[in-house]
Each structure stands twice: as C-alpha cells, then as structure tokens.
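In: Coordinates only, no sequence provided:
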Ligand code: AMP
Ligand code: MG
C-alpha cells in the first residue's frame, strides 16, 4: 500500500504525489475485508495497550478543509473502546490559549499512559494557517519548526509514540466535497463559507504544508502522506499504519498480581 513516509531531511513536493493514487487497489470486497480485519486487530491491540498502561500513542491528523479528518476518525476508530481514547479538535485558539505559547494547549491534550490521543488539527496549525495569514511575525513561525521537533522528541523519549498523517486531497476533489456539502441537506451543517476564502489560498497552504512535512519529518516522528481523494483507500492506509505500529509495539498486559491463585472468593 503506497503512502509515503517522509524521509527525514528530504524535500516534499506535493505536486509529485498523486492524491488519487490507490497503488493498484480497487474498492471491492477484498479491500473491504482488509479494512474490517484491520479494525478487529486494532480493537484487540488497543485493549492490550490500555491494559499495559505504560506508553501512549498520539495520532495527528492534518489536511486541507474537507480533507477527511473527521471521516477518518469516524471510520478507522469505530471499533476502539472510548475509555482508552480521546479525540481533540483544535479550533481557533481562545483568548486564554493565545496568552500562552502555542504548545500549551497541545500539552494539556496529550494522551495519558495506556491511551490513544487523536488530534484533529494540531500544533501544525501554528505553521500552517498562522503562516498563511501572517498571524504572527515571520521569525516567530519560522522558529516553530525546530520547536515542534524538540517538543515531539521529548514526547517520544518519555514514552509517547507519534504518528502524523497528512491526508492529501486535490483541489478538484475539494471542490466536489464542498459542493456536496452545499447540496446535501444532511451535510450542509459542515459547510463553512470561510472555507471558500481558505480555498482561494490553496497554493499558499500547499507550500506551507510542504515545509511542515519536510522540516518536521524526523526519525522519531515522521509524517505519512496519505493519498486521500479516495476515502476507502485513505481509511485502508491509516488503519494499516496504526495496526502495524501497535503490532511493533507489542503491548503486554501486566502479569497477574502475586498470590492470585490462592485467593478464594466466598
Ligand atoms: P474546523 O476544523 O473545520 O472545525 O475548523 C477549525 C478552524 O480553526 C480552522 O479554520 C483552523 O484553521 C482554525 N485553527 C486551528 N488552529 C488554529 C491556530 N493555532 N491558529 C489559528 N487558527 C486555527
Ligand atoms: Mg471546517
């Protein structure tokens, strides 16, 4: 399954990565089965991860508007026990958040031990929307790439595994999705006229994404670029990547407490 994990130090050119790529896979019974099987594995791995209660997993989802962050959460995490999982959606910072450094609100939302934290948008907004709209001086957002790398490094060193997914859609696909939100009554609540102003800044955003993906793909927290024009393929890739990561971590529930076998329940 093709979903380039960005090599640290390499330069990402999004134009060279086809958002409609499916690596030869098709939307059929086989790929449906594959997703279903990965979701079962994910549920089991999460249960063991929660029982182990030693490490955390942080999953960062970023994309252009309509890129599929919500849909990924809905479809890939459907089998996960909510007890060990928290989703945080990062919106425009509040007045209080703006009175702190940009990582303050991120730190407060990090997953505790045994838990999976899902970030719908993240600290990366502070080098994306903030850069595109010049919300802070250039020197300030430029320094953030390194600040983010150091922050993520410390997290990894202290027991958090980080997976970062960029859901890569084309401008044409965004048009279709925005139109669907306009037409379809069930989806119209999601239509945000503000998205049109952001769409007009498409190439500025792509450039900001290219820099974030290039500069913040590190050995300890690499980015994965997910071709996301096809929702089923996007789900397949994200689920597969998380399952592989958790399998590699191989969580082990703690051994039974001593003397358990001698206990009799009366
Ligand atoms: P949505 O994800 O559609 O609910 O929209 C959330 C909005 O919050 C998006 O327009 C983001 O660009 C914006 N946002 C998120 N984080 C920040 C940030 N750090 N600074 C400014 N805007 C942000
Ligand atoms: Mg929106």
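Out: Okay, I see it. No experiment lies behind these values; they were computed from the predicted model shown. Ligands and ions are numbered 1, 2, ... in the order given.
In: other SSEs contacting the longest helix along the chain?
Out: The residue-count maximum for a helix in the chain (DSSP state H) belongs to helix 29-52. Secondary-structure packing of helix 29-52 (3 or more Cβ pairs under 8 Å, 6 or more residues apart in numbering; DSSP states H and E): helix 231-249. C-beta here means a position set from N, CA and C on the backbone, and glycine is covered the same way.
In: got the contact list for the helix it packs on?
Out: 1, 3, 21-23, 25, 27, 31-32, 34-35, 38-39, 41-42, 45-46, 49, 55, 57, 59, 68, 71-72, 75-76, 161, 163, 165, 167, 224, 226-228 (Cβ atoms under 8 Å, 6 or more residues apart in numbering).
In: And the longest helix of the chain, what's buried?
Out: 31, 35, 38, 39, 41, 42, 45, 46, 47, 49, 50, 52 (16 or more other Cβ atoms under 10 Å).
In: How about stretch 238-258?
Out: Neighbour-count burial for stretch 238-258 [16+ other Cβ under 10 Å]: 238, 239, 240, 241, 242, 243, 246, 249, 251.
In: what would these look like in TSV with pLDDT and distance to ligand 1?
Out: Listed next are the buried residues of stretch 238-258 as TSV, based on pLDDT from 0 to 100; distance: Cβ to the nearest ligand atom, whole Å:
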residue	pLDDT	distance to ligand 1
238	98	18
239	97	22
240	97	25
241	97	22
242	97	21
243	97	26
246	98	26
249	98	29
251	98	31
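In: gap between the two ends of stretch 88-106?
Out: 9 Å (Cα to Cα, to the nearest Å).
In: Likewise for stretch 187-205?
Out: Where stretch 187-205 begins and where it ends lie 25 Å apart, using Cα to Cα.
In: Buried ones in that stretch, by neighbour count?
Out: By neighbour count on 16+ other Cβ under 10 Å, the buried set for stretch 187-205 is 190, 191, 195, 198, 199, 205.
In: Spatially, what comes nearest to the residue in the chain that ligand 1 sits nearest to if we skip its sequence neighbours?
Out: Taking Cβ to the nearest ligand atom as the measure, the chain has residue 125 as its residue closest to ligand 1, at 3.3 Å. Spatial nearest neighbour of residue 125, excluding adjacent residues (Cβ to Cβ, 6 or more residues apart in numbering): residue 90 at 6.2 Å.
In: Could you pull out the strands in the chain for me?
Out: Per DSSP state E, the chain carries strands over the ranges 56-63, 85-89, 116-120, 160-168, 223-227.
In: Could you dump the buried residues of stretch 187-205 into a markdown table and include distance to ligand 1 and pLDDT?
Out: Output for the buried residues of stretch 187-205, formatted as a markdown table (distance: Cβ to the nearest ligand atom, whole Å; pLDDT from 0 to 100):
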| residue | distance to ligand 1 | pLDDT |
| --- | --- | --- |
| 190 | 8 | 92 |
| 191 | 10 | 93 |
| 195 | 7 | 94 |
| 198 | 7 | 96 |
| 199 | 12 | 97 |
| 205 | 10 | 98 |
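In: Narrow the residues you listed to those in helices?
Out: Counting by DSSP H, the part of the buried residues of stretch 187-205 found in helices is 195, 198, 199, 205.
In: what's the last one in contact with, if anything?
Out: Just to be clear, that refers to residue 205. 64, 128, 132, 198 are the contacts of residue 205 under Cβ under 8 Å, 6+ apart.
In: Please give me every residue in contact with the nearest residue to the second one once chain neighbours are set aside.
Out: Spatial nearest neighbour of residue 128, excluding adjacent residues (Cβ to Cβ, 6+ apart): residue 208 at 4.9 Å. Listed by Cβ under 8 Å, 6+ apart, the contact partners of residue 208 are 127, 128, 131, 132.
In: ok, residue 195 - contacts?
Out: Applying Cβ under 8 Å, 6+ apart to residue 195 gives the contacts 65, 66, 178.
In: Can you check those residues and name whichever has the most neighbours?
Out: residue 66 (24 neighbours; other Cβ atoms under 10 Å).
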